[in-house]
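>>> predicted model and sequence below, questions to follow.
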Amino acid sequence: MQLLPKNDYHRKIIHLDMDAFYASVEMRDNPALKTKALVIGHDPRQNGGHGVVATANYLARQYGVHSAMPASRALRLVPKDLLAFVKPNFDKYRQVSQQVHEIMHEVTDQVESVALDEAYMDVTKNKLGDYSAVELGSYMQDKIYQELHLTASFGVSFNKFLAKMGSEYAKPFGRTIILPETSLAFLARQPVDHFPGVGKKTSQILHEAGIETGLDLQKLPVDYFTKNFGKFGYAIYLHAHAIDFSPVKAQRQRKSIGKETTFIPFVFNRNELWQQLKNFAQLICQKLQSQNLTCKVVTLKYRSPDFVTLTKRITLAKRTNDSKIVYQTAVELLELVPYDNGVRLLGLSVSELEHANFEEISLGLFPTDW
């Protein structure tokens, strides 16, 4: 009998994955593409036969098109009148990804981004209140659809590995909940190719040994895994038994947001300085609001014509992302520096950032412990 580490069932983890992300964004922005087998990548007919598929919509996938495939092969797989190529626009995808991540951060700051289109979230404790992980996942899924007109799938379980298995299981626009009491049976039914981290080489070795499913993996001794795959093999062994202790590694939240400018020639006029601070306050607060952040500290930076630099700051009585309050505070700080002698550089920043309170949000979804 194999000895396994004691599993940890207390966490509630969500893996959220956008459905055919790049292709879905392009179809949203150009509805005519919705009836096409859409491939995101350079058209090899216009690119000397070169190019690789970045992703494809689900219609193109039905013809066998997949990521990392030579784009020239997509030409052979899909009828010409149905096929459409669109060049990747990563600036646009990053912008939409940021909007998706802002919705995630409404729920928790324990967000580990894996790519532009997917992330893990630890919602054992969350920012919305006494809601289950399923309710929180459904809330994000619905909000992404309503606000961004895109679909996402999510998995819920007690660890990252199973949550990712869940998000992949019911795509597109699906949800899968893997509970402790059903986890082993769920894994037993899955092809080994579906286990995250099992690549082509590992998969080939397993298939050649007649190992096809999670159940086959569960029957093997730990020595088989460590002998054939080393340290990675032990991870496969644990995963086959629904064990994964890896934490959600949240990215560090931005500490401050600011703007500054250098004046040539130097500025002496108070009204001009006020107008610059007003512009700074508006830009800063637009960014705060777009990320659902509030600030507690406002800091003014001043540099004189002879390169003397001073900073002055005020801690606000109440958190805010209101540009009027930030601007009024900046004007007060300006009076604390000797700007009558001229200003070479002027800067404004806010810090001690926190996400706004979402406790009053009503999700109105079905109850469940998960």
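Cool, got the structure.

>>> can you pull the contacts of the nearest residue to L4 once chain neighbours are set aside?
Counting by Cβ to Cβ, 6 or more residues apart in numbering, L4 lies nearest to H241, which is 5.6 Å off, once chain neighbours are set aside. For the C-beta atoms, the positions are set from N, CA and C on the backbone; glycine is no exception. Contacts for H241 (Cβ atoms under 8 Å, 6 or more residues apart in numbering) come out as 4, 7, 184, 187, 218.

>>> quick check: PyMOL command selecting the buried ones in those residues.
Of the contacts of H241, the buried ones go into a single PyMOL selection, burial set by 16 or more other Cβ atoms under 10 Å:
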select buried, resi 187
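
>>> now the contacts of H241 as TSV including pLDDT, secondary structure and distance to F225?
Below are the contacts of H241 laid out as TSV (pLDDT from 0 to 100; DSSP: H, G, I helix; E, B strand; the rest coil; distance: Cβ to Cβ, whole Å):
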residue	pLDDT	secondary structure	distance to F225
L4	89	coil	12
N7	95	coil	18
L184	97	helix	17
L187	98	helix	15
Q218	96	helix	11
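
>>> which among the contacts of H241 gets closest to I144?
Proximity of those to I144 (Cβ to Cβ) peaks at L187, which lies at 27.9 Å.

>>> re earlier: pLDDT score assigned to the residue nearest to L4?
Looking at H241, its pLDDT stands at 97.

>>> how close does it get to G214?
9 Å (Cβ to Cβ, to the nearest Å).

>>> okay, and the common contacts of these two?
Counting by Cβ under 8 Å, 6+ apart, the shared contacts of H241 and G214 are L187.

>>> just to revisit the earlier point, out of the contacts of H241, the closest to G49 would be?
For the contacts of H241, the nearest to G49 is L187 (42.4 Å; Cβ to Cβ).

>>> tell me the contacts of the closest one?
162, 165, 214-215, 217-218, 239-242.

>>> can you lay out those residues as TSV showing distance to T294?
As requested, the contacts of L187 are arranged in TSV below (distance: Cβ to Cβ, whole Å):
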residue	distance to T294
L162	35
M165	37
G214	46
L215	51
L217	48
Q218	49
H239	40
A240	45
H241	44
A242	40
